[in-house]
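**Student:** Sequence and predicted model, in that order:
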Amino acid sequence: MPLSQKDSLVAGSSKLRSPCQWVSVRLTGMSEDDRPRRFKTEHLFPLPKRQPSARGKPLVLPVATASKARLIERYLSLFVRITRHGTYIDGFAGPQYPDVDEYAAKLVAESEPARPLLHPFKEPARLRHFYLFEKDARKCELLRQLERKDPVRINVFEGDFNQRVDEILRPETLKLTEATFCLLDQHTFECQWATVERLANYKQASEYKIELFYFLANWWLDRAFSGLRDEERGRAWWGSDAWQDVIRMSRPQRAEELKRRFRQELGYQYSEAFPIHGVEGKDIRVMYYMIHASDHPEALKLMRRAYDKLRRHDGSTQLELDPEAEDA
Ligand SMILES: C[S@@+](CC[C@H](N)C(=O)[O-])C[C@H]1O[C@@H](n2cnc3c(N)ncnc32)[C@H](O)[C@@H]1O
């Protein structure tokens, strides 16, 4: 596959590359040697053959795990344009890989820096408060570096989010009128359902409850269930003994069931599951879903917009992959 000169520059080398290498390097925007561990272990996609673009539509790719932080950052920049203000809560805020500098809390905090003293006429940041929780002391130190740069807006809480969440769910800390987004980016079973309920109930009386963006493991969830020795952990995660039923559900059913719970049990107006992909062996898999629950009629549209933007590759060729197809 011949590369144009521009493509070679993007890829950081003039050598010809295989399609897989080319997309991997182009999407990460780094040379192969520079790629941090996440990108080395999670190659992007073993690509099917290029297909000629039927209608000149842009290239469409599944959203990969490496893009999750950017999805959240993009969504929030759209969200605050509508709300004009906001609070960001991150219950599991430490970087998944401490050596990868791109993680949600950091991207969001840096996307809209507080008004610098030297630029008094610049608009103040619309995201006014950040509450970042993290259990791991080493990762907490990374979050504290963000806090030291922006101590007025950023507050770091070390410890278990399930235990400490009530410290911010108080009107003197989190105003009931403040538009609030909460990321629940657990690894598998760490976020207890009682915590999700507390967040959802906090602004029950206001027009818009706290928006939630909840991580549901998909590809490795069956393995995680079989390794789960402590039944109480499963019960706390799902909020009842019905967690045993989840084991028997198909993968897409689990995402549907959570969407239903967000609407019917927690009272959200809208919920949607966004599949996030990774490579397992030679296949692209839905690694997990991010489930978005909101009361704002614009919110899901904005999330879809941010998600679709990540899927669109502005190349001149088109690649259509049906993300659902691999995961039936
Ligand atoms: C999947 S990572 C978060 C990834 C991050 N959002 C990113 O963009 O890279 C989950 C984080 O939650 C932390 N964690 C696990 N259990 C926790 C708990 N009960 N309370 C707070 N943090 C916890 C882990 O140490 C880990 O840093």
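**Tutor:** Great, that's in hand.

**Student:** Surely residue 287 is in contact with residue 218?
**Tutor:** Yes: between residue 287 and residue 218 a contact is recorded at 6.1 Å, counting by CB atoms under 8 Å. For the C-beta atoms, the positions are set from N, CA and C on the backbone; glycine is no exception.

**Student:** Are there residues contacting both of these two? Which ones?
**Tutor:** Counting by CB atoms under 8 Å, 6 or more residues apart in numbering, no residue touches both residue 287 and residue 218.

**Student:** Quick check: closest non-adjacent residue to residue 86.
**Tutor:** residue 179 (4.4 Å; CB to CB, 6 or more residues apart in numbering).

**Student:** Report how many residues lie close to that neighbour.
**Tutor:** Using other CB atoms under 10 Å, residue 179 has 23 other residues around it.

**Student:** Compute the number of surrounding residues for residue 303.
**Tutor:** Neighbours of residue 303 (other CB under 10 Å): 24.

**Student:** For residue 224, which non-adjacent residue is closest in space?
**Tutor:** residue 188 is the one closest to residue 224 (CB to CB, 6+ apart), at 4.7 Å.

**Student:** In a helix, the one you found, correct?
**Tutor:** No: checked against DSSP: H, G, I helix; E, B strand; the rest coil, residue 188 lies outside a helix; its state is coil.

**Student:** Give the full set of residues in contact with it.
**Tutor:** 217, 220-221, 224.

**Student:** How about the contacts made by the most centrally placed residue in the chain?
**Tutor:** For the chain, the residue nearest the mean C-alpha position is residue 68 (4.1 Å; CA atoms, centre = their mean). Shown in contact with residue 68 (CB under 8 Å, 6+ apart): 104, 185, 276, 290.

**Student:** pLDDT wise, what is it at?
**Tutor:** pLDDT for residue 68: 89.

**Student:** rewinding a little: now, which of the contacts of residue 68 sits nearest residue 233?
**Tutor:** residue 185 (18.0 Å; CB to CB).

**Student:** how about the longest helix belonging to the chain against the ligand, any contact?
**Tutor:** Determined from DSSP state H, the single longest helix within the chain is helix 68-83. Yes: using CB under 6 Å from any ligand atom, helix 68-83 reaches the ligand at residue 69.

**Student:** contact partners of stretch 165-181?
**Tutor:** Defining contact as CB under 8 Å, 6+ apart, one finds that stretch 165-181 is touched by 76, 79-80, 83, 85-89, 91, 128-129, 131, 133, 157, 195, 198-199, 202-203, 205-206, 208, 210-211, 213.

**Student:** Name only those of those residues that count as buried.
**Tutor:** Neighbour counting with 16 or more other CB atoms under 10 Å marks 76, 79-80, 83, 85-89, 91, 128-129, 131, 133, 157, 195, 199, 202-203, 208, 210-211, 213 as buried within these.
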